[in-house]
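Attaching a predicted model along with its sequence, questions to come.
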Amino acid sequence: MKGLRVAIDGPAGAGKSTIARRVAEALGLLYVDTGAMYRGITWVALQKGIDPADAAALANLARDVHVELRPEKDGVRVWIDGQDITPFLRDPRVSRAVPAVSGVPAVRMRMMELQKDLARRGGVVMDGRDIGTVIMPDAEVKVFLTASLEERAKRRVKELRGYGHRIDPDQVGRELAERDRADAAREFSPLVKAPDARVIDTTGRDVESVVEEVLTLCRTRLLKGEE
């Protein structure tokens, strides 16, 4: 399975990162969380006082910073300009600003360059919103995860509380709904299901069953490739 490429797309809170990480571990492949890359550059922008609506300043930032993903025992860590910023990626301020930052074409193009470079190497499970349509359109396995807004909001609240943040569940639901609209309406590389992607609704399902379904898809694809 060394050269297998698995693309996992879907809206915020659908379980992409959790499922993709587990699948990568099971198959011994590299896991790339593209959302973390956008969150990373968003955090840096906020630290530098850059307005998320300032496309020109964000374009310059994306060009100048060095983004690196480092696999570690506790998962993939995001390093920017020599600093591990992983602990800050789920800050509510980042969550609110990332739709605007990731929607800037110059930012998206820069991150896409890095993602495509990783994809070309093969042996990767990558999750995001445009992986199966833009980053790895020829991936051997494509999955589109979805879940009800209520379910996704519940998961996000649990996740954020786990990071120690005080959260208003209603606000989380509103922010997810707005993120859905922003992702779908984005002119450059919007969230769209690839025509050949398997849709998996994770509402009410446990992680293990979804992981096993994706692994079955991977094994089936490999068997077909050997015929």
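Looks like it came in fine.

what about Arg77, which helix or strand?
strand 75-80 (DSSP states H and E).

ok, and what's touching that strand?
Strand 75-80 is contacted by residues 21, 31-33, 36-37, 39-41, 44, 65-71, 84-86, 89 when judged by Cβ atoms under 8 Å, 6 or more residues apart in numbering. The C-beta positions use only the backbone N, C-alpha and C, and glycine is treated the same way.

could you flag which of those are buried?
21, 31-33, 36-37, 39-41, 44, 67, 69, 85-86, 89 (16 or more other Cβ atoms under 10 Å).

just to revisit the earlier point, going on from the strand holding Arg77, what's the next piece of helix or strand?
strand 83-84.

Helices along the protein, start to end?
With helices called from DSSP state H, the chain shows them at 16-27, 34-47, 55-64, 92-102, 105-120, 149-162, 169-185, 207-226.

out of those helices, nearest to Gly10?
Of all the helices of the chain, it is helix 16-27 that lies closest to Gly10, at 5.2 Å by Cβ to Cβ.

What's the mean pLDDT across that closest one?
For helix 16-27, mean pLDDT is 94.

on that earlier part again, taking the helices of the chain together, which one is wrapped up most tightly?
Highest mean neighbour count of those: helix 34-47, a mean of 23 (counted as mean count of other Cβ atoms under 10 Å).

Between helix 16-27 and that one, find me the angle.
Inter-element angle recorded for helix 34-47 and helix 16-27: 130 degrees (by axes from the mean of the first three to the mean of the last three Cα atoms, to 10 degrees).

got the angle between helix 34-47 and strand 75-80?
Counting by the same axes, to 10 degrees, helix 34-47 lies at 40 degrees to strand 75-80.

Packing partners of the helix or strand bottoming out on mean pLDDT in the chain?
Lowest by mean pLDDT, DSSP states H and E among the helices and strands of the chain is strand 67-72, with a mean of 82. On a contact count with 3 or more Cβ pairs under 8 Å, 6 or more residues apart in numbering; DSSP states H and E, strand 67-72 meets strand 30-33, helix 34-47, strand 75-80, helix 105-120.

Off-centre distance for stretch 190-204?
14 Å (Cα atoms, centre = their mean, to the nearest Å).

Now that stretch - C-alpha only, CSV.
Taking C-alpha atoms only, stretch 190-204 is exported to CSV below (Å, rounded to 0.1, in the frame of the first residue of the first chain):
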residue,chain,number,x,y,z
PRO,A,190,-14.9,25.4,-3.2
LEU,A,191,-16.1,22.4,-1.2
VAL,A,192,-17.5,20.0,-3.8
LYS,A,193,-17.9,16.2,-3.7
ALA,A,194,-15.8,14.5,-6.4
PRO,A,195,-18.1,12.6,-8.8
ASP,A,196,-16.3,9.3,-8.0
ALA,A,197,-16.1,9.8,-4.2
ARG,A,198,-17.9,7.4,-1.8
VAL,A,199,-20.3,9.4,0.4
ILE,A,200,-20.3,8.2,4.0
ASP,A,201,-22.7,9.8,6.5
THR,A,202,-21.1,9.6,9.9
THR,A,203,-24.2,10.8,11.8
GLY,A,204,-24.6,8.5,14.9
